[in-house]
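A.B. asks: quick one, what's the 3D model for this:
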Amino acid sequence: MARRGAGTPFLLQLSLLLLLHLGGTLGCASVAVGSPIVPLGSAVTASCTIQRELCRGLEQGKVRISWMLDNKLVAGSQRQGPGGTEVSNLTLPRFNHTQARLWCCVEWNGTKQRIGMAEIRAGYPPAKPLNLSCILNLSDYGLTCQWEQGTDSHLPTSVVLKCAGSRAQAVTGCTPQGGHSHCTVPRRLLQLYRQMEIWVSATNALGTAESEHLCIDPMDVAKLDPPTLQSIQSIPFQTDCIALAWDVARGTEHMELQCELRYRAPEDPAWALVTGITGRAGTAQRCGFLFGTQYHFQMRCRRSSASALAYWSEWSPGRNYTTHEKAPTGKLDAWWGAQPAGAGGRLEVQLRWKAPGQREANGRVLGYRVTLSPRRRGRDPPTICNTTHTHCNFSVPARTRRVYLSAYNAAGESAPTEVVLLQRKGQPLAGLRAVPGGERSLWVHWEAPLAPVIAYVLEWQRVIAEPGHCSECWQVERDGAATTALIQDGIEPFQRYNISLYPLYEDTVGVPIHTTAYSQQKAPSHAPKLHLRRISKSEAELCWEPLPVEMQNGFITSYTIFWANSIADVASATVNPSLSSFVIRGLKPSTLYKVHIMASTAAGGTNGTSLTLVTTVLDDTEIQFLFLTLGLIFVLFMVLLICFQKNERMKEQLWPSVPDPANSSLGKWVPAAAPQEPLQVLAAREPGPAAISTVTVLEGEPGKQPGKEPPALLVAPPALPRPYVRQEGPGEPVQYARVGGAGYRGQRLLPEPGPRFYENLRGRGDGGGTEDWGFLEEPPATFPLLQGLRIGGAEELHE
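C.D. replies: Okay, the predicted model is just below:
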């Protein structure tokens, strides 16, 4: 059901269209407009009339009429007309379409149905054709006319070319085809040698326009075929004049012609024109040609009786001719440099000159000759230089002040030019500067000196890495009052030139003044390559080689150093172009930096490659101080070590000797009666701790001071040292005490007294343990004080 419901409107529309097409559009509705073609921008009126009885499906219900201009809805007014018709009127106040369709529509079942249409066009009246011209072709005698169309009228326009004789009515001469603006009037409609009136007419629905009427004799606008150049030759005894023979084209023998001759040399920028050549055929003469020069000649003609509208023929095929030569004339511009040749009194001269112009050369120059004296009749002076170039180096005697220069060709030799070898010691100019005069030229300005100047000589040399010399790079300014000059020869953009200016005085040459200049500048081709000269924790010194002149492309105005660390802290500094090194300060220790340099001229800058560097942790002075300190400590340590090893006194001060108890008098004392306990001597280096079980207290004899013995006792033989031991168990001897044989520092050893009786008493306790007490019943009155007694190898007792 849904699909059937959706298709119902489409079926209704289709049925309505069929009804309208089958019986409605023919008489159902009619659309009328005020004019189907109107001026662009004017008002348009239209009406649509619908007859109900003729429109099937619209008999019942109200008819609603609407309008559409192409696809745009426009509003009209609707009313009921006579006979049950419905009428809708529409007024468009400004119709701005060049072409559009106006539709009358009715609404049926919610849709707009187009039932009538009128096509409307808008435009302008035709524009006036301009610049009408005609030309008669003598091959078929057809008159071809052309003109310029005016502005587009946006409407269909018919264009015709009309012509009328002096006694005939106007006829259509021709109609252009394919929208072109030219056509050809056939010979049968033309009246030759009589005036005819010709014009162009353009017509459309809004009007007609005509061009200016052209009154001409068709023969006046005939374009003849070009003449033919027969021969060209020089007139005898007048080698600067030529005679030219020419002939007319076929078919124009009976006409009086007016012709023109043109010629030029290969180096001439424009043609030289010769007018006023008349006649049917013959010769023409012309003077003022340069000697020994090749010329190219051409000729054209037209009817001499024709009006100003007559056409010239095409130029004839060219013909070349070279005039006769004669000896060169005029003076040569020369410039020189001289310096002593060392021993022998000779002078080395570098002579340069300018080649003569075409007018002075009088042909092709074959060479140049330099002599020491002018040429006289019948005698040729000796030649010191003969060359085809414009420069020559030669040696002359030191007193030579003049040489003579001449040029020669096949016809002869020029008069010699005297070259005076003046010394360069005159007053120099006050100032000199050069500015660009163009891409390939330089303007030179200077300040005139106070002394009168005859002329100036300008020299310029291109600055290149390899030394060279341009023999043509100089010129002479003959005006002594001039303060400017233009250099145009051999100047290239982006190249540096050294410019020198010499003032020429009456009897000397001024000292030159110099400057440099560029005709055009741009950014350098490359930037210098950076090198690291030294680096510390806060500074880095960079250096670079100056750019070669060929890569500078201009005057270097500055170098800019850029540096940045890993966290993108970018800094820069501008350096004077005369410097070739720079110190970056304020860097962070142990940090990586990237550095590059930019070279700049007045026209731009160029960046160089990046240089990566890492600052140090310490400065050089800090590193040196650290190494110096460590070295001093090491040396001091070595000195102390050597002293400790070699100096016993220092060892004794720091490590004093301790007396050995075994060498004491106590160690040499042997008890009188102790048979039941055999003494056992422990090993000197018996390992392990020893427990103290017996303490023996030795007391001095009352009334006697230590160290005061009778002198007789000093010679008593010493007893063998014996340790006092008590055995606690089998195989376990315990050392009571041992006194070292050597005394303490500063202690005087006394002689040992004679042996006396001593008794060891041993007592037992009741606690099951044993205690041993040693008593000295009669201790020797002279027994030394015990100051270093070592008991059991573990403790020290001090009295």
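
A.B. asks: what's the domain layout of the protein?
C.D. replies: Listed domain ranges for the chain are 26-123, 130-216, 228-322, 334-419, 424-518, 530-620 (source: the TED database).

A.B. asks: make a markdown table from those and add mean neighbour count, mean pLDDT and distance to Met638 to it.
C.D. replies: For glycine as for every other residue, the C-beta is placed from the backbone atoms N, C-alpha and C. As requested, these are exported to a markdown table (neighbours: other Cβ atoms under 10 Å; pLDDT from 0 to 100; distance: least, Cβ to Cβ, whole Å):
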| stretch | mean neighbour count | mean pLDDT | distance to Met638 |
| --- | --- | --- | --- |
| domain 26-123 | 16 | 85 | 111 |
| domain 130-216 | 16 | 89 | 112 |
| domain 228-322 | 16 | 87 | 95 |
| domain 334-419 | 15 | 89 | 70 |
| domain 424-518 | 16 | 91 | 60 |
| domain 530-620 | 15 | 92 | 26 |
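
A.B. asks: got those domains as a markdown table, with distance to Leu641 columns?
C.D. replies: Shown next, in a markdown table, are the domains of the chain (distance: least, Cβ to Cβ, whole Å):
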| stretch | distance to Leu641 |
| --- | --- |
| domain 26-123 | 114 |
| domain 130-216 | 116 |
| domain 228-322 | 100 |
| domain 334-419 | 76 |
| domain 424-518 | 65 |
| domain 530-620 | 29 |
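
A.B. asks: closest to Thr629 out of these?
C.D. replies: domain 530-620 (12.7 Å; Cβ to Cβ).

A.B. asks: straight-line length of that closest one, end to end?
C.D. replies: Start-to-end span of domain 530-620 (Cα to Cα, to the nearest Å) is 22 Å.

A.B. asks: one step back: closest to Leu630 out of the domains of the chain?
C.D. replies: domain 530-620 (13.3 Å).

A.B. asks: the stretch 501-650 of the chain: strands as residue ranges?
C.D. replies: Using DSSP state E, counting those that start in this stretch, the strands of the stretch 501-650 of the chain run over 509-510, 513-518, 530-535, 539-544, 558-565, 570-575, 581-585, 592-601, 604-607, 611-614.

A.B. asks: JSON lines for those, including distance to Ala407?
C.D. replies: Below are the strands of the stretch 501-650 of the chain laid out as JSON lines (distance: least, Cβ to Cβ, whole Å):
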{"stretch": "strand 509-510", "distance to Ala407": "24"}
{"stretch": "strand 513-518", "distance to Ala407": "31"}
{"stretch": "strand 530-535", "distance to Ala407": "56"}
{"stretch": "strand 539-544", "distance to Ala407": "52"}
{"stretch": "strand 558-565", "distance to Ala407": "51"}
{"stretch": "strand 570-575", "distance to Ala407": "54"}
{"stretch": "strand 581-585", "distance to Ala407": "56"}
{"stretch": "strand 592-601", "distance to Ala407": "44"}
{"stretch": "strand 604-607", "distance to Ala407": "47"}
{"stretch": "strand 611-614", "distance to Ala407": "60"}
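
A.B. asks: which intervals of the stretch 601-750 of the chain have sub-threshold pLDDT?
C.D. replies: For the stretch 601-750 of the chain, applying pLDDT under 70 flags the ranges 647-655, 666-750.

A.B. asks: let's see that with 50 instead.
C.D. replies: Where the stretch 601-750 of the chain drops to pLDDT under 50, the residues are 673-675, 677-691, 693, 699-750.

A.B. asks: from Ala202, how far off is Pro397?
C.D. replies: 92 Å (Cβ to Cβ, to the nearest Å).

A.B. asks: thinking again about what came up before, nearest to Pro661, out of the domains of the chain?
C.D. replies: Nearest of these (Cβ to Cβ): domain 530-620, 58.7 Å.

A.B. asks: distance between that closest one and the chain's centre?
C.D. replies: Computed by Cα atoms, centre = their mean, to the nearest Å, the separation of domain 530-620 from the middle of its chain amounts to 19 Å.

A.B. asks: one more: stretch 464-483?
C.D. replies: 31 Å.

A.B. asks: can I have that stretch written out in CSV, keeping just the CAs?
C.D. replies: Coordinates of each C-alpha in stretch 464-483 appear next as CSV, following Å, rounded to 0.1, in the frame of the first residue of the first chain:
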residue,chain,number,x,y,z
ILE,A,464,89.3,38.1,-9.4
ALA,A,465,91.3,35.5,-7.5
GLU,A,466,93.6,34.8,-10.4
PRO,A,467,95.5,37.9,-11.5
GLY,A,468,94.6,39.2,-15.0
HIS,A,469,94.6,42.3,-17.1
CYS,A,470,91.9,43.6,-19.4
SER,A,471,93.5,45.5,-22.3
GLU,A,472,90.1,46.9,-23.4
CYS,A,473,88.9,48.1,-19.9
TRP,A,474,89.7,51.8,-20.2
GLN,A,475,88.4,54.9,-21.9
VAL,A,476,89.3,58.5,-22.5
GLU,A,477,87.0,61.4,-21.6
ARG,A,478,88.1,64.3,-23.9
ASP,A,479,86.1,66.9,-22.0
GLY,A,480,88.4,68.3,-19.4
ALA,A,481,85.5,70.0,-17.6
ALA,A,482,83.6,66.7,-17.1
THR,A,483,83.0,65.3,-13.6
